[in-house]
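S.K.: Okay, sequence plus prediction incoming.
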Amino acid sequence: MDARQGDRMPTVALPSDRALGRVLVTGAAGFVGQWLLPALRAQGAEVFALAMPSDARDTGTGAALPDHGATWFVGDLRHDDYVQRVVDATRPNTVLHLAAISHLPTAAADPATAWDVNVTATARLLHQLDRQRERSGVDPLVLIVGSAEQYGRHDSHVMPLCEEAVQAPRTVYAATKAAQELLALQVWRATRLPVVIARSFNHSGAGQPPRFVLPALVQRARALASAPAGTPMLVGNRSPVRDFLHVSDVVAAYISLCQRGTPGEAYNVASGTGWSVQQLLDLVSARTGTRAVPTEDPALVRPVDVPVLIGDPRKLQHATGWRAQRSLDDIIEDLLHAETF
């Protein structure tokens, strides 16, 4: 499925870029963070990166964390004193809030922790940013990273979904992300702390762990590349259709929204094109040469899977001039050549 309506959008002058300045990135040790930090540095930003203690071997120095030209802070956003200390020390001009429990089964297994990390920690961060603004006069632009999962289930004939589509979360993770957005927009309305929302659809690339669908398929196909024809390859539900972007395009979208997004608005970060899991599997199998036979494993099937989820990117494109540069083939190629998963 393909959305080409972007060609019909009127041409307008884009707003001038906001300076990124001092940039605070939460969840910086995660998959997207490893791509985002060097991209921010390439833009000339001074970068401060936050990581959980579990992300560093030495929680005093963050020795296991990649440099990327960033200053690292190690701690837990669920602790008020840590959040206040980081905000006071960095006085950010721009904040990209990536920190979250983003794996759906992990969130479902411990809903209380998922709500505390994804929602309550966001409330702490926004509160401290607003307090710092009052003290310093620095008015930070805050990008809140949400999820396409917030939309829930919609009929395939209404795809791709625009930002006005009803949000009907079906999972713990999706509900926490919808609540996070509601909270952030309430803060914007009450305090005018500039908040921009990104609703991100599926994205992948080198460095994404194999608990997510595309790296999982690549890992299984590579492991069975030399197996005899007919060898079972355990997979989950192959019918869901998802919208995929390369992580580098997602990073470019986030930076563009920090520079040109309108506070109080939400933007889909999407390609407008849908691929079924079966189509992904076909591409991966062809690329690896595996002759294994996909075999559904009930343990890998999620009963709350949304059948089709494709986003309309026109609002993002119109506001920022962003366009995806990488293809699904590029994603698979990156995953195949990644040294680790």
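M.R.: Arrived safely.

S.K.: Name the nearest residue to residue 121, sequence neighbours excluded.
M.R.: Counting by CB to CB, 6 or more residues apart in numbering, residue 121 lies nearest to residue 77, which is 3.9 Å off, once chain neighbours are set aside. Bear in mind the C-beta positions are built from the backbone N, C-alpha and C, glycine included.

S.K.: An error on my part: the question was meant for residue 250.
M.R.: Spatial nearest neighbour of residue 250, chain neighbours left out: residue 203 (4.5 Å); criterion: CB to CB, 6+ apart.

S.K.: Torsion angles phi and psi at the one you found?
M.R.: Backbone torsions of residue 203, given as degrees, to the nearest 10, read phi -150, psi 150.

S.K.: Kindly state the beta-bridge partners for it.
M.R.: residue 245 (DSSP bridges).

S.K.: To which secondary structure element type does residue 258 belong?
M.R.: Reduced to three states with DSSP: H, G, I helix; E, B strand; the rest coil, the structure at residue 258 is helix.

S.K.: Residue 267 is in contact with residue 256, isn't it?
M.R.: No: the criterion here is CB atoms under 8 Å, and residue 267 misses it with residue 256 at 9.4 Å.

S.K.: which residues are in contact with both of these two?
M.R.: Common contact partners of residue 267 and residue 256 (CB atoms under 8 Å, 6 or more residues apart in numbering): residue 316.

S.K.: Neighbour count: these two, which is higher?
M.R.: Neighbour count, other CB atoms under 10 Å: between residue 267 and residue 256, residue 267 has more, with 29 against 22.

S.K.: Enumerate every residue touching that one.
M.R.: Counting by CB under 8 Å, 6+ apart, residue 267 has contacts 163, 196-199, 253, 257, 261, 315-316, 319.

S.K.: For burial, what's the neighbour tally of residue 137?
M.R.: 8.

S.K.: Where does pLDDT dip in the stretch 1-150 of the chain?
M.R.: Scanning the stretch 1-150 of the chain for pLDDT under 70 picks out the ranges 1-15, 56-64.

S.K.: does residue 198 really touch residue 148, like I thought?
M.R.: No: using CB under 8 Å, residue 198 is not in contact with residue 148; the gap is 10.3 Å.

S.K.: which of the two has more neighbours?
M.R.: Of the pair residue 198 and residue 148, residue 198 is the one with more neighbours under other CB under 10 Å, namely 25 against 22.

S.K.: Assign that one to helix, strand or coil.
M.R.: Relying on three-state DSSP, one would call residue 198 strand.

S.K.: For residue 173, see how far away it is.
M.R.: 16 Å (CB to CB, to the nearest Å).

S.K.: Kindly report the same for residue 114.
M.R.: For residue 114 relative to residue 173 (CB to CB), the value is 6 Å.

S.K.: still on that earlier bit, what count of nearby residues applies to the residue nearest to residue 121?
M.R.: 22.
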